[in-house]
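S.K.: coordinates only, sequence not included:
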């Protein structure tokens, strides 16, 4: 038995491997607590229930139960940021001022990841500042060239970069594996105007995509032929064998290595050599097209940051007596992508705001207010009563289980206990402390408790609340009453319950969600 | 027109791309001075000459001339060290003491590259020493975990590594791209005996090779399916999509990523999911085989260093109250391979010693001494005469062209001028200054010169030398005499010639090669 959700059919092992229950995944780190071989070899789906929001699966032979949000099951695969899928071709060079970069790195990180590079202007020209800039893009990759390398004319150059020669478009360090994925070049001194030393960038992904479109056979040859690159000096002997165009297993372009300077002889049968060189020349011809190249002149204070797996960089020749001086370093894209994701991470408060504006705008189970207004009223009452932040937050979020949880409010009205209090508390537990989640968890129990201990309480409930009381178990018996009273947050749950019961008045004053944002932010676990 | 050498046929563009003349390749760095598109589009071979040692090629349309050592043209491709080709499967864990490692890192670097790991014992247990150890293996890769990470039980662990749980065999940081290729784990405090915390390593390359042999379809599925791995905490959001088994374009295994903890849901059609999970489980079953796993217990002072693209590491559970404490860091294999190549780089003197012991032990063209003894005698005579180091070296090496050069000595005796003096000088020019190479180059000319200017010289030559004089051009004419005398090293060449002529006495005192090693080392260009 498999599980089908709309047009998607999911095998038992996929479902079990993606179970997020606390037994299967560490609640704090999200890391899975089992290996694939730990799952029963004869794992099967014994039962599955799809309520339109949540899919609950019971597995054989061990009876494990997993629940999945239906939307999550149906989510599409995310694009792979490190292939051409995630890249915008043909865009110009994003330029940002140093103060703007320091105020918000988001645009710079995004340009580096999606457009291949970014130019920062007005960076202080103090010695070694490039290392500070690099910290804004991740971690410096130390190599045999040091943490920082100087690009200027040297008397006994071990590398052509340290001469005044023209350097044709190339990627750096193709002889290194793993290759540095980010390069920074910070201009401290420019060659005088008219003496050369201009810079250029070529989008290697765009060039490779053009090659694939125009000459698929040449593309296949370059993607299929490992080329050995080597760099040696008295202290170093680096070599790596990689194709000029690196593909992922799906055939998507994810890396370009292009550097004839350090390419070693290709050893292969004659026909392969002929095919390789024809393809290599064709690719070089595309790379040389002016429309793929961006030319610019670095001036002191400019710091060029680019994706060394994608962008080829170049410079024109310059007079060797010129004092042109750049400082460079390497870093890696993984930290760039991580920082960008964190900068863009939606806070839990953003997620809750969306819930209030979205599902929360629906009718509230036969009451005269929407679910969102009901919760906002409860929080307004809690705040007016001088409740602590945690309890105001609990009042604001007490019915969030209706919006996210197992069974819809409509199901509850149709006679199914949706346990919305527990589902909501569990969901909130990712972000909020128990002082918020326990009053939420207990607010349905508090109704049953109050019915048992306050003879006139039941009479004050709304018709809908009386109806659901039956579904939820009716008034508590004496043993349940004692158990409830012993809960650490019983008093808070009772207070929350009274605001809940009062928060169904379309005419009552109601603060909006924005008003409660600071309260939520103060009580977030981190 | 192509060029054929034995069974090898080489296209014009291959030959030209590999020309090492000073116009094509920077003599100092060896880097090529042109891009592939800089070569004439209609490049062709106009003429080629193969003299049995050197192949000389003249190109159309520009008349450029390239020379290649025949042996170099015929050299096979080097194996790719970063694939399974370069790996020794099934070897145990190489163990070295800290003092041995400090004295010579060669064995440790070799074990890490070829066998997947090395265990150093007796490393000082001072805080952060692992960073010093890492410097012996390249450069520390800083990550979001810092330059160094602590592996011990934490109160609020963001990673399962920081608990007492069992950790099944896995590779680290699969969510990082580029992934760290080397990991170091330095034991400062072990869990007490009997409380768990043992370590294990599994050879992932061996496991993948077994999978390919036993279930090629499963192997193809895992190599062809990118899996997304992710790690997130409040400051970090890393993700990478890569197959569990990474292949190079030739289909060779070059990377294993195996870590269910951080694998994200695979989104694919049902049939692909079924195939993937079946293959994944089969691979996990191979990884779990006891014969692929090496179990050991790290004690304080042990530092385990392993290839994180190949070896899966594991630990058994341990009592959380135990004080077990490791410090770890990451580094990269490229620097490991570079350091090993430099450590193993044969010096020119080693190469010459091999020549003397090998080819030099052959008969010397009809004389009573071997070629090696002949050259050693010449050097012994030069040294006794008080010659400078450069000239002693020239005397020692003057006939090296017979051993390495164009035509064999036997060919010379059969009537072909092997130009052994020029060939030898050219070969030595890679390492030695002109004060060594020019006397070598001129020592045959010096014989022809002396025959012309010293009437009784010819009579003192050996029979073999008189015979070869004819092949070499006979006594010089007056114009040649003047040209020779004008050579900057003519006097040195004549002195060398006289030692050469005298160095054919089986009874004469002869210093061995080891005696002359320091002389050669003093005169090496670097």
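M.R.: Right, received. Where do you want to start? Because the structure is predicted, anything quoted here is derived from the model rather than measured. Numbers count the residues shown, from 1 in each chain, chains lettered A, B, ... in the order given.
S.K.: Quick check: the gap between residue A:487 and chain B.
M.R.: With distances taken as CB to the nearest CB, to the nearest Å, residue A:487 is found 25 Å from chain B. C-beta coordinates here come from the backbone N, C-alpha and C atoms, glycine included.
S.K.: what's the answer for residue A:399, then?
M.R.: Taken as CB to the nearest CB, the span from residue A:399 to chain B is 28 Å.
S.K.: quick one: contacts for the nearest residue to that residue once chain neighbours are set aside?
M.R.: Nearest non-adjacent residue to residue A:399, counting by CB to CB, 6 or more residues apart in numbering or on different chains: residue A:375, 5.6 Å away. The neighbourhood of residue A:375, defined by CB atoms under 8 Å, 6 or more residues apart in numbering or on different chains, consists of A:356, A:360, A:395-400, A:503.
S.K.: Next, the buried residues of the helix or strand hosting residue A:438.
M.R.: Here residue A:438, judged by DSSP states H and E, is contained in helix A:434-453. For helix A:434-453, the buried set under the neighbour-count rule, 16 or more other CB atoms under 10 Å in any protein chain shown, comprises A:435-452.
S.K.: same check, this time on stretch A:473-480
M.R.: Buried positions in stretch A:473-480, judged by neighbour count with 16+ other CB under 10 Å: A:475-476.
S.K.: ok, now stretch A:216-229?
M.R.: A:218-229.
S.K.: Contact residues of the stretch 251-400 of chain A facing chain B?
M.R.: By CB under 8 Å from any CB of the partner chain, the part of the stretch 251-400 of chain A that sits against chain B consists of A:260-263, A:265-268, A:270, A:273-274, A:277, A:280-281, A:284-285, A:288, A:332-335, A:337-338, A:341-342, A:345.
S.K.: again, only this time at 7 Å
M.R.: A:260-262, A:265, A:267, A:270, A:273-274, A:277, A:280-281, A:284-285, A:288, A:332, A:334-335, A:338, A:341-342, A:345 (CB under 7 Å from any CB of the partner chain).
S.K.: Could you do the stretch 101-250 of chain A as well?
M.R.: So the stretch 101-250 of chain A meets chain B at A:139, A:141-144, A:156-160, A:168, A:176-178, A:181, A:223-226, A:228, A:232, A:234-238, A:240-241, A:243, A:248-250 (CB under 7 Å from any CB).
S.K.: what do you get if the cut-off is 8 Å, keeping everything else the same?
M.R.: A:139-144, A:156-160, A:165, A:168, A:176-179, A:181, A:223-226, A:228, A:232-243, A:248-250.
S.K.: Restricted to helices, list these.
M.R.: Residues of those located in helices (DSSP state H): A:223-224.
S.K.: Make a ChimeraX selection of the buried ones in the residues of the stretch 101-250 of chain A next to chain B.
M.R.: A single ChimeraX command selects the buried members of those (16+ other CB under 10 Å):
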select /A:139,140,141,142,143,144,157,158,159,160,165,168,176,177,178,179,181,223,224,225,226,228,232,236,237,238,239,240,241,242,243,248,249
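S.K.: still on that earlier bit, of the buried residues of stretch A:216-229, closest to chain B?
M.R.: residue A:224 (4.6 Å; CB to the nearest CB).
S.K.: tell me the contacts of the residue nearest to that closest one when sequence neighbours are not counted?
M.R.: Distance criterion CB to CB, 6+ apart; nearest residue to residue A:224, sequence neighbours excluded, is residue B:249 at 4.6 Å. Residue B:249 makes contact with A:223-226, A:243, according to CB under 8 Å, 6+ apart.
S.K.: And residue A:425, by the same measure?
M.R.: By CB under 8 Å, 6+ apart, the neighbours of residue A:425 are A:401, A:437-438, A:440-441.
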